[in-house]
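*Asks:* pasted the sequence and its predicted model underneath.
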Number of protein chains: 2
Amino acid sequence: MRISQTCFFVSILFLALTFSCKEETNLVSENEDTASTLGAHPKLILTAQGVKDIRAQLGKLPIFDKALQEVKEEVDAEIAFGIDTPIPVDYSGGYTHARHKRNFLVLQKAGVLYQILDDEKYAKYVKDMLMQYEAMYKTLPLHPKTRSYARGKLFWQCLNDSNWLVYVSQAYDCVYNYLSEEERNKLETNLFKPFADHISIDSPQFYQRVHNHSTWGNAAVGMIGLVMNDQELIDRALYGIQGVNLDTKAKDDDGGFLNKDGKAGFLANIEEPFSPDGYYTEGPYYQRYAMYPFLIFAEGLHNVRPDLKIFEYKDGVLLKSINALLNLSDADGDFFPLNDGQKGMSYYTNALVTAVDISYHFGTQDPGLLSIAEKQNKVLLDDSGLAVALGIKNGKAKPFNKKSINLSDGPDGTQGGVGILRSEDIELVFKYAAQGSSHGHYDKLSYSLYEKGTEILQDYGLARFVNIEQKGGGNYLKENKTWAKQTIAHNTITQNETSHFNGEYEIGSKNHSELHYFSSESEEFQVVSAIEKNAYPATEMLRTMAIIKDEDFEKPYVLDIMKVTSKKAHQYDLPFYFMGQLLKTNFDYKTPETLKALGTKNGYQHLYVEGTAKLSEANSKIAWLHENKFYTATSVTSNNDELLFTRIGANDPEFNLRREAAFMLRRKNAANTLFVSTIESHGSYSPVSEFALNSNSSIKELKVVLDTEAYTAIEIVNVNGNSKLFITANTTTTKEATHTIKINNKNYTWVGSYYFK
Amino acid sequence: MRISQTCFFVSILFLALTFSCKEETNLVSENEDTASTLGAHPKLILTAQGVKDIRAQLGKLPIFDKALQEVKEEVDAEIAFGIDTPIPVDYSGGYTHARHKRNFLVLQKAGVLYQILDDEKYAKYVKDMLMQYEAMYKTLPLHPKTRSYARGKLFWQCLNDSNWLVYVSQAYDCVYNYLSEEERNKLETNLFKPFADHISIDSPQFYQRVHNHSTWGNAAVGMIGLVMNDQELIDRALYGIQGVNLDTKAKDDDGGFLNKDGKAGFLANIEEPFSPDGYYTEGPYYQRYAMYPFLIFAEGLHNVRPDLKIFEYKDGVLLKSINALLNLSDADGDFFPLNDGQKGMSYYTNALVTAVDISYHFGTQDPGLLSIAEKQNKVLLDDSGLAVALGIKNGKAKPFNKKSINLSDGPDGTQGGVGILRSEDIELVFKYAAQGSSHGHYDKLSYSLYEKGTEILQDYGLARFVNIEQKGGGNYLKENKTWAKQTIAHNTITQNETSHFNGEYEIGSKNHSELHYFSSESEEFQVVSAIEKNAYPATEMLRTMAIIKDEDFEKPYVLDIMKVTSKKAHQYDLPFYFMGQLLKTNFDYKTPETLKALGTKNGYQHLYVEGTAKLSEANSKIAWLHENKFYTATSVTSNNDELLFTRIGANDPEFNLRREAAFMLRRKNAANTLFVSTIESHGSYSPVSEFALNSNSSIKELKVVLDTEAYTAIEIVNVNGNSKLFITANTTTTKEATHTIKINNKNYTWVGSYYFK
């Protein structure tokens, strides 16, 4: 290994020297080339000038050289292994799926190597494999697996076929000049054009939508169009298939509408799902997935069709969205698993290497991005990766400081949003967004809580093991619908054991919560407040969540106020999906002999009841331990309240769900009602020193001192006897409004949405 | 922080220069000192010469300077905080307990600082606190908490009082010369002597035993005796209280015998619990706890009473035991939680800093120990720590390579043992030891499996949250007895739902398993085999476990053969406490609507049944995912077998148990019977790339090709069609014996206990 590395660096160095020498002698002819052949290849992602610049820097930029070496090792191993283009048979997780996926990834890399290292073996490899695909594709029927609403040919769904073309377009661009015209004609006529047609014209239900699937389709068609210089394909990519309109009520496999508004094409796909703040309505997990085609096609458009000014489109939303996405990750870079998000996906994924490099190069050269690139320890092998590598080499990197941020949702930023409050190591993610397309969950005003990248109160995420064949072929499991999407699976209110919008996508996708106010200016007190008026009939839920930094507390703590307004009496459940081991409560509870499901539907059928309590204290406290830290939830409670200890896993015949715990406040026969809680992280335990530090809550008393239609006031008294008062205005949200109220015969006057002192 | 660090190093440098200058001028008088006052202080752990050497090296040894700086910062903060010696009230976890614990740790450190930094403020601090203790102690009654079989005065149990004296003896030694004779008399008469008497003469049930508690007691009495030069105390420490004999049938809080054999004192405590290999019969968690008093008192004896040659006692077992203990840790340095072991305890604990430094200094200067000291990033502030710091500075550190090792148990090494097989990242810990005193579990022939420090098949450990007050005051929970100690809580055989030895300590402590054979010479095939004849009436269990490295497999895998011999038919349960999420089985199973406990006693009352299957395949396969790695268990099964999916947590009214899973093979009405399984770790999953690699088992077939009284032969056929044959001799264990048998008409001849090819 060490020898081959040394050899590699020596050859890079040699190459670098060679190119430096060549540079001058070839200058004239190269300029002639560029001038004479408008649209010379490569031009899509790599550019002729970019290749020249890269060659000049070889051996000088460690992170770039490392990326190049890794790619070279990978591709060399594949070349040694030989080309295999099997007849498609499998779902994701199976061999033919994995092989074709591997092929397109390697083709793209081999193309890049050919350009950078100027070694014909890579071009030949690309050509040989493309010819095998050409030979197979021209007679290839639809993929034999029938589960998809839009079957591909190489893969079981057009989505994966599109992935293939997005990557292979780049490979083709890199070897374009290596191929004879005859070879190019053969490939374009028998492979690329029909391939592009299959995923678009033949599959409008896949292509003609505003959806991350379609974005891949659009990019695929557009990128091959740019390489082939095929204006019709480019237009089809940008604006959709001319004259095709889908049934506005039809749905896809995931239950999402195919095309409710009749919009289609790459530009519509930028227009619709991104808010002006760059929030992608499906959530960060799918944004990450969609990011690559958005950005790589945008880069191609920028290079080949600079007239379109794609990076300025919709006020520069593509680059803004990268910033939004990076802010939608925890301290470890893991994306918050809003909606159907698989945990563990992070900014270390290749799509985010693309995003960070492109954002740096085509954006404002934010030095914070360089520090993320350093963590990724990888760059793109193109102009943008070169820019990042140079930035790092020149010591420009600075930490990427994630701060509290409010991201609006909806094309115009008027469909709710996601508020993230950050204070020291505590991160609160508060979701008051729109439905989020077919991958949305029914969890209005839900939240999750993190400490330094560790979940304190979790969002369950999706019920799926992506690409793990043993679990339903790696596809969505039925528990995704019966559990993960349901309201009760989230840290928010469920009324009468029924999910928001009755769990109906048609209704959910017409509604969104509304921001009440957001404030993160003060380091001591940050707050977000939003209202949901449509999740339940004739019911309004106003939730206000704050992170408070107080010198009497070791760490910032969370205050949670959920005010429910309804004329009729209902049952309300408010769960806390805490991670860790229960330590202690300040109330008695019973544990049943046998575990039974809490209910029969809407997710309740998946919860075992592990314990029950009738609450009687004014404050109910629950303490737990997780990863050697102590946590305490304190809730304002009364005789009317019950507490349930639950565990996920009932009616789960294939062990698809994680057996994780929650406690749940239950209030029956309540009309207008108020839930108030605090969550503290405190202290630590070391299994090495066996010391337990600060293992008790610092809150002595949590009190509702006022609750009217107009105002809610909460007092927090800590164990040192000091107290804080928070008053929130429930109806007036303007920053300018002046409020005056009397509580316990004392007058409080302030300007703005809330008072805190 | 940075400024204070710089200042600190400047002052260390200054101090170093000062001492270097002083050295020559003071040489004569110092030599005079040394010569004239035999037994000059400090002499116990720090020595006069050691202090001189340390001072000469200040500012030159980064790891030593860092340790010194940390101690200085800690003690300075405590001095600033002020002295508090509250009237004792609490159990462990409570304030007064924590405060007195903190006090003795800080006193020891302040004493060391006084010696090394020659700054009187530290001596004054020690003196002032000791005088406060003196004032309090002379009228102090027994601790008010009554739970202990031997109540202390400062703490609820004598054990903690002994901890206090072990540390405070060192502090006293350091300030001995700083104090006036009058002050010393006052302290010795009113504090130290009565303190030593209380934990020994007044508490023989605690002191007069062979037990880790007593070791602390012996060391405490001995160390203060060495400082005070009190021969009576030293003798009491070494040999126990003269003329006191305890009831040989009395028991302590944990259910252990107080003093079955009448042995007592420090030497008996070395003699009894350590095997000649240095294995400590209670297991590594308690060895770590006992280690500090063993070694620190030994160091004191070595310094003050070199005539006793304590480090050569019992063939140098004290130093051997450190090597054994280090080998009883996983790849992360966490000790295997055999018996009552709390997970997470590791060689990063301070007791192991002591152990590593002392082992290096007083042993053979093993350079492997230096690499552990580097990881610990801490050294003792004494002669041994100085030696380690010098070794590291001089670049002598080498990796501490843990290899497969067989450690005998029992004073003579004849009471079974623990075998650890290591192959690449896989570690198998096989326990065939003696009962292990009162902290022993009823788990003959049990095992646990690790991969790179991660548990694959777990040993549950104890049911206790040490020092976490919210959980039973931080003491043993009742589930330790009802669950953690029971056989069914372990990866071994339970017959008729009854624990080994009927869970009776009196019987268990009279018996032990026996080694059949152990072989770790071959890199391809390592094996340990042991037999248990007494756990169940008229039943023998012979378990043979191997780790096999095979080029057809990605990683080494485990072969497990449990041969049970019994004339009568019984029910057998063999659980696998796997960590992670179930992926798939090759058989159908049913999941119940409600979860019920599997039984009513012997640990079965704590297991929920989550699924049941009637097995019918010749091989039953279960696959799971844990920390992004795939695992598969393959078992030879027949129509007579059932499989249960279980989860811990039934009848656990305070959530004291972790809700972790197992699957369990159950065979009913079986007399002589054989359980054969393999455990493979294979492949990986990345939630970032979403690639699943090598996610399927490589074993096609697992077959019993022969099973007689004399031989058992297992064939393993892998998916490439290659097969391996393992034959184990069940009756003859000698390495020299020649065996010849015929299997399927083919003759096999070999020498030794087993055949593998």
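*Replies:* Right, received. Where do you want to start? Numbers count the residues shown, from 1 in each chain, chains lettered A, B, ... in the order given.

*Asks:* what is the burial count for the residue nearest to A:Phe525 when sequence neighbours are not counted?
*Replies:* In this structure, A:Phe525 finds its nearest non-sequential neighbour in A:Phe756, 4.7 Å apart by C-beta to C-beta, 6 or more residues apart in numbering or on different chains. Heads up, the C-betas are built off the backbone N, CA and C, glycines and all. Neighbour count for A:Phe756, taken as other C-beta atoms under 10 Å in any protein chain shown: 18.

*Asks:* for beta bridges, what are the partners of A:Phe756?
*Replies:* For A:Phe756, the beta-bridge partners are A:Phe726 (DSSP bridges).

*Asks:* was I right to think it contacts A:Leu725?
*Replies:* Yes. The pair A:Phe756 / A:Leu725 is scored as a contact, 7.2 Å apart, by C-beta atoms under 8 Å.

*Asks:* where does the nearest residue in space to A:Gln365 that is not next to it in sequence sit: helix, strand or coil?
*Replies:* The shortest distance from A:Gln365 to any non-neighbouring residue, by C-beta to C-beta, 6+ apart, is to A:Gly391 (6.9 Å). At A:Gly391 the chain is in helix, as set by DSSP: H, G, I helix; E, B strand; the rest coil.

*Asks:* just checking, A:Gly391 touches A:Leu370?
*Replies:* Yes. Under the criterion of C-beta under 8 Å, A:Gly391 makes contact with A:Leu370 at 4.8 Å.

*Asks:* so for those two, which residue has more residues nearby?
*Replies:* A:Leu370 (27 against 23).

*Asks:* what's the pLDDT at that one?
*Replies:* On pLDDT, A:Leu370 comes in at 98.

*Asks:* please apply the same query to A:Asp33.
*Replies:* 39.

*Asks:* just the helices in the stretch 151-300 of chain A please.
*Replies:* Per DSSP state H, counting those that start in this stretch, the stretch 151-300 of chain A carries helices over the ranges A:158-175, A:181-187, A:193-199, A:204-207, A:212-228, A:231-239, A:266-271, A:284-304.

*Asks:* next one: the residue nearest the centre of chain A from A:Asn651, what distance?
*Replies:* In chain A, the residue lying closest to the centroid (C-alpha atoms, centre = their mean) is A:Pro284, at 1.5 Å. With distances taken as C-beta to C-beta, to the nearest Å, A:Pro284 is found 30 Å from A:Asn651.

*Asks:* before we move on, back to that, so for chain B, which of the helices of the stretch 151-300 of chain A sits nearest?
*Replies:* Minimum separation from chain B across the helices of the stretch 151-300 of chain A (C-beta to the nearest C-beta) falls at helix A:284-304, 9.4 Å.

*Asks:* tell me the pLDDT of the residue of the stretch 401-550 of chain A found nearest chain B.
*Replies:* Closest approach of the stretch 401-550 of chain A to chain B (C-beta to the nearest C-beta) occurs at A:Gln470, with a separation of 4.0 Å. As summarised for this prediction, A:Gln470 has a pLDDT of 94.

*Asks:* equivalent analysis for A:Ala713, please.
*Replies:* 98.

*Asks:* again with A:Lys343
*Replies:* 98.

*Asks:* where does chain A have low pLDDT?
*Replies:* Counting by pLDDT under 70, chain A shows low-confidence ranges at A:1-39, A:253-258, A:260.

*Asks:* repeat that for 80
*Replies:* Along chain A, the parts satisfying pLDDT under 80 run over A:1-39, A:93, A:245-262, A:733.

*Asks:* OK, contacts around the residue nearest to A:Gln365?
*Replies:* Residues in contact with A:Gly391 (C-beta atoms under 8 Å, 6 or more residues apart in numbering or on different chains) are A:Tyr360, A:Gln365, A:Pro367, A:Leu370, A:Ala373, A:Ala397.

*Asks:* I'd say the fourth one and A:Lys398 touch.
*Replies:* Looking back up the chat, that one is A:Leu370. Yes. The criterion here is C-beta under 8 Å, and A:Leu370 meets it with A:Lys398 at 7.2 Å.

*Asks:* at the contact with chain B, which residues of the stretch 301-450 of chain A appear?
*Replies:* Within the stretch 301-450 of chain A, the positions near chain B by C-beta under 8 Å from any C-beta of the partner chain are A:Gln342, A:Lys343, A:Gly344, A:Met345, A:Ser346, A:Tyr348, A:Thr349, A:Asn350.

*Asks:* same thing but at 10 Å, please
*Replies:* Within the stretch 301-450 of chain A, the positions adjacent to chain B are A:333-334, A:342-352 by C-beta under 10 Å from any C-beta of the partner chain.

*Asks:* with those residues in mind, which one is nearest to B:Gly385?
*Replies:* For these, the minimum distance to B:Gly385 (C-beta to C-beta) is 38.9 Å, reached by A:Gly333.

*Asks:* just give me how far stretch A:406-421 sits from the chain centre.
*Replies:* With C-alpha atoms, centre = their mean, to the nearest Å as the basis, stretch A:406-421 stands 14 Å off its chain's centre.

*Asks:* got the end-to-end distance for that stretch?
*Replies:* Terminal residues of stretch A:406-421 lie 8 Å apart, using C-alpha to C-alpha, to the nearest Å.

*Asks:* for that stretch, buried residues please.
*Replies:* Residues A:406-411, A:413, A:415-421 are the ones in stretch A:406-421 that count as buried (16 or more other C-beta atoms under 10 Å in any protein chain shown).

*Asks:* stretch A:621-633 too?
*Replies:* A:Lys621, A:Ile622, A:Ala623, A:Trp624, A:Leu625, A:His626, A:Lys629, A:Phe630, A:Tyr631, A:Thr632, A:Ala633.

*Asks:* residue contacts, the second one?
*Replies:* By C-beta atoms under 10 Å, 6 or more residues apart in numbering or on different chains, the contact set of A:Ile622 is A:576, A:578, A:582-587, A:589, A:613, A:631-635, A:643, A:645, A:663, A:677, A:679, A:697.
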